[in-house]
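Q: below is the sequence, then the predicted model.
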Amino acid sequence: MKHQKILKIRNYKGSQLSFTNYGACLKSWIIKLKNNTLIDVVLGYQNNKEYEINPLYLGSTVGRFANRINKGIFNLNGQIINLPRNDMDNHLHGGYKGFSTKIWDVIEYCSNKVVFSLQSPHLDENYPGSLKTIVTYKINDEDELNINFHAKPEEDTILNLTHHSYFNLNGSTESNILDHELKINADSITEIDSGLIPTGELLGVSDTPLDFNKSIKIGKRINSDYNQINYAEGYDHNYVINNYDLKSLRKAATLKSNNTGVEMTVKTDLPGIQFYSGNFLDGNFKGKNDIKLKKHSGLCLEPQYFPDSPNHSHFPSTVIRKGKEYNHNIKYCLSF
């Protein structure tokens, strides 16, 4: 029987990262500031057993399909596939028993790297095709955490993997992320309806509260009376990365805390990035040091394919053909 494992890696600057094989999760990322203060920049549970369920997806690897699929239905090769509807009337983050709930194997582990592997069987949450997925976390001495996702299906399927850490660069959830400054390299989002499902239209962000092309405090416009903000009760939108390239890294976003001076740049070879401002954190779960995880305690910046892509042929395709390789990267780069 598989058990939970806690694994730690570090770099020569003294940064320490902790993981669990439950959901291939990042539990903590502790850095040392110039004044020698240690802070943890990601949210996590106080009790390790919470990761066995992880209802908030804290730090998890999300799959088989990150984000939402409308009514859990899509067409693959002329066959209608029905997935579990675990988010109101929609499918979210791979279903009730997605990758975030699985116990992953640890296949490589050294001082600055950990590699997780998962064999997902045919019809796992009703997804077609057996699929082996490998996720590699590696930290370098410049405090750049690279996450590589590699998979190969045995049958045609869909796939959209991401990393779901909640960041708070203040280093404590006692202060929220509304004072963080954010810049997103995107001129448009995938417009959503009231159920947070893409309409299929790309909506320009210029002159709207969704425009982060210039660095601005998250809290400045989060309560704007604007339908896209109202639907999500804040920010929970997929931004279309400008000039995205599926084969090379692009800078997607930059986040900064003026409190600590910590800055994080997000780079990826994926076409979109979901900005989620922690709107639905309600204080029902305790984070580290028994502090309740309340609204806006942390934020997510999740590079991904677009939500509901299988139902929009003009979106970048998430279909992976039998024997073809899925290979994408996310890089979170800290400076302080």
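A: Received the coordinates, thanks. Treat the numbers as computed from the prediction; the structure is a model and nothing was measured.
Q: in the stretch 151-300 of the chain, which spans are helices?
A: 227-232 (DSSP state H, counting those that start in this stretch).
Q: first to last residue in stretch 130-145, what's the distance?
A: One end of stretch 130-145 to the other measures 29 Å (C-alpha to C-alpha, to the nearest Å).
Q: report the buried residues of it.
A: Residues of stretch 130-145 classed as buried: 130-131, 133-140, 143-145 (neighbour count, 16 or more other C-beta atoms under 10 Å). The way it works is simple: take the backbone N, C-alpha and C, and place the C-beta from them, glycine included.
Q: my guess is Y127 meets D156, correct?
A: No: using C-beta atoms under 8 Å, Y127 is not in contact with D156, being 10.8 Å away.
Q: and these two? Which one has more around it.
A: Y127 (25 against 16; other C-beta atoms under 10 Å).
Q: pLDDT value on the more buried one, please?
A: At Y127, the model reports a pLDDT of 98.
Q: just grab the bridge partners of it for me.
A: D124 (DSSP bridges).
Q: got the contact list for it?
A: Counting by C-beta atoms under 8 Å, 6 or more residues apart in numbering, Y127 touches 64-65, 81, 83, 120, 157-158.
Q: and the two most separated of the residues you listed?
A: Using C-beta to C-beta, the contacts of Y127 reach their maximum pairwise distance at I81 and S120, which is 15.0 Å.
Q: neighbour count winner among these two?
A: Between I81 and S120, S120 has the larger neighbour count (other C-beta under 10 Å), namely 23 against 18.
Q: that one and F306, how far apart?
A: Here S120 is placed at a distance of 22 Å from F306 (C-beta to C-beta, to the nearest Å).
Q: show me the beta-bridge partners of the closest residue to W104 other than its chain neighbours.
A: Closest residue to W104 apart from its sequence neighbours, by C-beta to C-beta, 6 or more residues apart in numbering: F116 at 4.0 Å. Beta-bridge partners for F116, by DSSP bridges, are V106, V135.
Q: what about F116, distance to V106?
A: 6 Å.
Q: list the residues that contact both of the two?
A: With C-beta under 8 Å, 6+ apart, F116 and V106 have common neighbours N21.
Q: of the two, who's got more company?
A: In this view F116 and V106 are compared by other C-beta under 10 Å, and F116 has more residues nearby, 26 against 14.
Q: ok, the more buried one touching T61?
A: Yes: using C-beta under 8 Å, F116 makes contact with T61 at a distance of 7.3 Å.
Q: who touches both of those two?
A: With C-beta under 8 Å, 6+ apart as the test, F116 and T61 both reach 24, 104, 135.
Q: kindly reformat those as TSV containing pLDDT.
A: Shown next, in TSV, are the shared contacts of F116 and T61 (pLDDT from 0 to 100):
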residue	pLDDT
A24	98
W104	98
V135	99
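Q: neighbours around S188, how many?
A: With other C-beta under 10 Å as criterion, S188 counts 17.
Q: who's it bridged to?
A: Residues in beta-bridge contact with S188 (DSSP bridges): G204, V240.
Q: related to what we said a few turns ago, restricted to strands, list the buried residues of stretch 130-145.
A: Counting by DSSP state E, those place 131, 133-139, 144-145 in strands.
Q: what's the farthest-apart pair in these?
A: L131 and E144, at 28.0 Å, using C-beta to C-beta across these.
Q: state the distance from the closest residue to K132 other than its chain neighbours to L83.
A: Excluding the flanking residues, the one nearest K132 by C-beta to C-beta, 6+ apart is Q119, at 5.4 Å. Per C-beta to C-beta, Q119 is found 19 Å from L83.
Q: quick one: which of the two has more around it?
A: Using other C-beta under 10 Å, the more surrounded residue of Q119 and L83 is L83, with 22 against 12.
Q: thought N70 was touching that one, still the case?
A: No: L83 is not in contact with N70 according to C-beta under 8 Å; the separation is 10.4 Å.
Q: may I have the beta-bridge partners of C333?
A: Bridge pairing for C333 - DSSP bridges - gives E144, T265.
Q: quick one, grab the pLDDT at it.
A: 98.
Q: contacting residues for it?
A: Going by C-beta under 8 Å, 6+ apart, the list of residues near C333 reads 142-145, 264-267.
Q: go again using 7 Å as the cut-off
A: Neighbouring residues of C333 by C-beta atoms under 7 Å, 6 or more residues apart in numbering: 143-144, 264-265, 267.
Q: state the distance from it to N47.
A: 30 Å.
Q: so which of the buried residues of stretch 130-145 comes closest to L169?
A: D143 (12.4 Å).
Q: wait, that closest one touches L334, no?
A: Yes: between D143 and L334 there is a contact at 4.2 Å, judged by C-beta atoms under 7 Å.
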